[in-house]
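Student: my questions concern the predicted model and sequence given below.
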Amino acid sequence: MPKHIFVTGGVASSLGKGLTASSLGRLLKLRGLRVTMQKLDPYINIDPGTMNPFEHGEVFVTDDGGETDLDLGHYERFIDENLSRNSNATTGSIYQAVLAAERRGDYLGKTVQVIPHITDEIKRRIRRMASDDVDVVITEVGGTVGDIEILPFLEAIRQYRKEAGRGNVCYIHVTLVPFIGPSGEQKTKPTQHSVTELRSRGIQPDVIVCRSEESLSPSLKRKISNLCDVDERAVVNAADVRNIYELPLVLHDEGLDNVVCDVLQIDAQPDLSSWQSVVTMVENATKPVRIGLIGKYIELHDAYLSVVESIKHAGFHHGASVEIDWIQAEEVEGLLAAGRLSELDGMVIPGGFGIRGVEGKIAAAAFARENNLPCLGLCLGMQVMTIEYARHVLGMADAHSTEFDPSTQHPVIDIMNDQRDVTDKGGTMRLGAYYAVLEPGSKVANAYGESVVSERHRHRYEFNSQYRTRFEASGFVCSGTSPDRRLVEFIELKDHPFWVGTQAHPEFKSRPDRPHPLFREMMRASLAYRASVGRPADAVATRDEVRSV
């Protein structure tokens, strides 16, 4: 029977439950265990697919087409396992399943209630993660203890230990230990209150992970242990780290995985060498490089979380410390006049929906093409690169996407004919993993080192293949297509160092120790560009430094 770990949080949101859970998952994998992960979200949306990026951040897409919480990106990057739509469950999807069962008559006319029907559905979602090829399931419960919408989840995981057996379940609670400036003290009271609230719901944590700016003293750990009724060695400090990939080693030094293995009666020793190599690689990444991220949601950096991590992974691989220049797409034309884009060594144009900022993205793509600046376009990024080329090289002045201009005379980006009359536009999306066949000798094929690749998608509009012959006659290369050659998946220019676009979202498959090939080669080209324009190669850029308009 697989073991289960439940991670809850208290005091405040965004404490790092997802990173704590992900780090623990990696530590358990380093002990040779087979690990999978799940996120239970208390919001009522069915999934994050229709949520505003400014509210929720990015939508992480799984191979099977699940539109899921961004924490699944952390899970995949840390445990290096491809998850599925089953790895994310929301209150909305749970109630939807229960109500559908009630309409079918599955409950035989009984009154449908939160207990047992909702809690049973939550437990079913947890149990379906526990397959025969999994040793440990880590489930993060979103929100914070005390939120009214989290109560059914807490009740479900409370019941789960009773049903699975005490030796098969471990509860971890993540809390905040704030530093109060005027008194110069770290305060444990928020942690005490949070644990008291959790215990009032029938859950006694086995481990308390204390988030803090600075390390906790032994006396503070002892105090938390005494007042929260946990072993002193089970009070684990997760102080701020220089980069998130240090966190597994920090938590191991604090004994987190040892305590968890004791609770779950797991006897397996860790080999940390592979992850220590990752951290060493990150710390040795010192060559400066500046990459512009041309986005429309840059006010919330989490809207581009996987893109940013993929850029960093590529930097680690090349020993580069990446400075990300956050550029608001709507401001690009003004920034061109100010010379801001001339300061970049490379550029990424990520995806998005809606017309706002599209003309700025097109202008950025033109700048990169005309100045031999390395540029990687993702999803909408590939589409704006196509529009830009059509307008300024092929002479189609009004070329556009029918998503933004349905009456354009040159719909170089269009919805597929077999999707045009579908009433439910959500049903026309390409979601999840699709195969592509790469053009031999192309930059894309050379980057992947393979002739057939699979990438995840989340989009509706496509390169209009009616224009393909005209594009390819001018040095524009459709370097990857769907196996039936109907859909263009990758584009590039023959005579440009790196001007590459993909209809997919390759950022979802990048790993810290295995950067995605397209980001890796974009970074290689960016470092070469930096050297070619005579920028210093030995100054150390401030890690994670940002600029925004």
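Tutor: Right, received. Where do you want to start? Since we're looking at a predicted model, the values are computed, not measured.
Student: below-threshold pLDDT in the protein: ranges please.
Tutor: Counting by pLDDT under 70, the low-confidence segments of the chain come to 417-428, 539-549.
Student: ok, 50 please
Tutor: Counting by pLDDT under 50, the ranges of the chain that qualify are 420-426, 540-549.
Student: name the residue closest to the centre of it, please.
Tutor: Within the chain, the residue whose C-alpha comes closest to the C-alpha centroid is G73; the distance, by Cα atoms, centre = their mean, is 3.3 Å.
Student: residue contacts, that residue?
Tutor: By Cβ atoms under 8 Å, 6 or more residues apart in numbering, the contact list for G73 reads E58, F60, L305, S306, E309, F508. The way it works is simple: take the backbone N, C-alpha and C, and place the C-beta from them, glycine included.
Student: same list (the residues you listed) but as JSON lines, adding secondary structure, distance to L293 and neighbour count.
Tutor: Putting the contacts of G73 into JSON lines (DSSP: H, G, I helix; E, B strand; the rest coil; distance: Cβ to Cβ, whole Å; neighbours: other Cβ atoms under 10 Å) gives the following:
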{"residue": "E58", "secondary structure": "coil", "distance to L293": "13", "neighbour count": "25"}
{"residue": "F60", "secondary structure": "strand", "distance to L293": "18", "neighbour count": "28"}
{"residue": "L305", "secondary structure": "helix", "distance to L293": "12", "neighbour count": "19"}
{"residue": "S306", "secondary structure": "helix", "distance to L293": "12", "neighbour count": "28"}
{"residue": "E309", "secondary structure": "helix", "distance to L293": "12", "neighbour count": "21"}
{"residue": "F508", "secondary structure": "helix", "distance to L293": "16", "neighbour count": "25"}
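Student: in TSV: those, plus distance to G346.
Tutor: Formatted as TSV, the contacts of G73 follow (distance: Cβ to Cβ, whole Å):
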residue	distance to G346
E58	21
F60	24
L305	19
S306	17
E309	16
F508	20
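Student: in what helix or strand does the residue nearest to the centre of the chain lie?
Tutor: helix 71-79 (DSSP states H and E).
Student: can you show me the helices along the stretch 1-150 of the chain?
Tutor: Residue ranges of the helices in the stretch 1-150 of the chain, as given by DSSP state H, counting those that start in this stretch, are 17-29, 53-56, 71-79, 91-104, 119-127.
Student: quick one: which of the ones you listed is nearest I327?
Tutor: Taking Cβ to Cβ as the measure, those were each checked against I327, and helix 53-56 came out nearest at 16.3 Å.
Student: contact partners of the closest one?
Tutor: P48, V59, D69, L70, Y297, E299, L300, A303, G352.
Student: CA atoms only for it, dumped as CSV, please.
Tutor: Taking C-alpha atoms only, helix 53-56 is exported to CSV below (Å, rounded to 0.1, in the frame of the first residue of the first chain):
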residue,chain,number,x,y,z
PRO,A,53,-3.6,35.2,-15.0
PHE,A,54,-3.4,38.3,-12.7
GLU,A,55,-5.3,36.3,-10.1
HIS,A,56,-4.1,32.8,-10.5
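Student: tell me the buried residues in that helix?
Tutor: P53, H56 (16 or more other Cβ atoms under 10 Å).
Student: return the distance of it from the chain's centre.
Tutor: Here the centre of helix 53-56 is set off from its chain's centre by 13 Å, with Cα atoms, centre = their mean, to the nearest Å.
Student: which of the contacts of helix 53-56 are buried?
Tutor: P48, V59, D69, L70, Y297, L300, A303, G352.
Student: of those residues, which pair is most distant in space?
Tutor: Distance extremes for these: the farthest pair is D69 and G352 at 18.7 Å, using Cβ to Cβ.
Student: how about the secondary structure of the closest residue to L335 other than its chain neighbours?
Tutor: Counting by Cβ to Cβ, 6 or more residues apart in numbering, the nearest residue to L335 once its immediate chain neighbours are dropped is L341, at 6.0 Å. Three-state call for L341 (DSSP: H, G, I helix; E, B strand; the rest coil): helix.
Student: ok, now which ones touch L341?
Tutor: With Cβ under 8 Å, 6+ apart as the criterion, the residues that contact L341 are G292, I327, V332, L335, M347, A364, F367, L373.
Student: cutoff 10 Å now
Tutor: Counting by Cβ atoms under 10 Å, 6 or more residues apart in numbering, L341 touches 292, 294, 325, 327, 332, 335, 347, 363-364, 367-368, 371, 373.
Student: in helices only, show me those.
Tutor: Secondary structure assignment (DSSP state H) places V332, L335, A363, A364, F367, A368 from those within helices.
Student: switch those over to JSON lines; also include distance to V145 and neighbour count.
Tutor: Listed next are the ones in helices among the contacts of L341 as JSON lines, based on distance: Cβ to Cβ, whole Å; neighbours: other Cβ atoms under 10 Å:
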{"residue": "V332", "distance to V145": "44", "neighbour count": "24"}
{"residue": "L335", "distance to V145": "45", "neighbour count": "22"}
{"residue": "A363", "distance to V145": "48", "neighbour count": "20"}
{"residue": "A364", "distance to V145": "44", "neighbour count": "31"}
{"residue": "F367", "distance to V145": "49", "neighbour count": "21"}
{"residue": "A368", "distance to V145": "48", "neighbour count": "26"}
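Student: give me the beta-bridge partners of L293?
Tutor: With DSSP bridges as the criterion, the beta-bridge partners of L293 are W326, V348.
Student: what's the neighbour count on it?
Tutor: By other Cβ atoms under 10 Å, the residues close to L293 number 22.
Student: how many other residues sit next to H410?
Tutor: For H410, the neighbour count with other Cβ under 10 Å is 19.
Student: er, L198 I mean
Tutor: 24.
Student: from N226, how far off is the nearest residue to it once chain neighbours are set aside?
Tutor: Setting aside the residues directly before and after it, L198 is nearest to V145 in space (Cβ to Cβ, 6+ apart), at 4.9 Å. Distance from V145 to N226, counting by Cβ to Cβ, to the nearest Å: 20 Å.
Student: these two - which one has more neighbours?
Tutor: Between V145 and N226, V145 has the larger neighbour count (other Cβ under 10 Å), namely 25 against 11.
Student: isn't the more buried one right next to P190, touching?
Tutor: No: in terms of Cβ atoms under 10 Å, V145 does not count as a neighbour of P190; the distance is 11.3 Å.
Student: hey, what's in contact with both of the two?
Tutor: When contacts are counted by Cβ under 10 Å, 6+ apart, V145 and P190 have G10, V11, T175 as shared neighbours.
Student: top of these by neighbour count?
Tutor: Going through the shared contacts of V145 and P190 with other Cβ under 10 Å as the criterion, the one with the most neighbours is T175, at 28 neighbours.
Student: name the SS class of the residue nearest to that residue when sequence neighbours are not counted, please.
Tutor: If the residues on either side of it in the chain are set aside, T175 comes closest to T191, at 4.1 Å by Cβ to Cβ, 6+ apart. Three-state call for T191 (three-state DSSP): helix.
Student: need the strands for the stretch 351-500 of the chain, in chain order.
Tutor: 375-378, 400-401, 411-415, 430-438, 452-459, 461-463, 476-481, 488-493, 499-502 (DSSP state E, counting those that start in this stretch).
Student: ok, I224 - contacts?
Tutor: 175, 177, 188, 191-192, 195, 208, 210, 216, 230, 232, 234-235, 237.
Student: ok so it is a helix residue?
Tutor: Yes: in this structure, I224 lies within a helix as judged by three-state DSSP.
Student: next, find the distance separating it from G202.
Tutor: Spatial separation of I224 from G202 under the definition Cβ to Cβ is 21 Å.
Student: now, which of the shared contacts of V145 and P190 sits nearest Y107?
Tutor: Nearest to Y107 among those is G10, at 34.0 Å by Cβ to Cβ.
Student: kindly provide the distance from the residue nearest to that closest one when sequence neighbours are not counted to C228.
Tutor: For G10, ignoring the flanking residues on the chain, the nearest one in space by Cβ to Cβ, 6+ apart is S194 at 2.8 Å. Distance of S194 to C228, computed by Cβ to Cβ: 9 Å.
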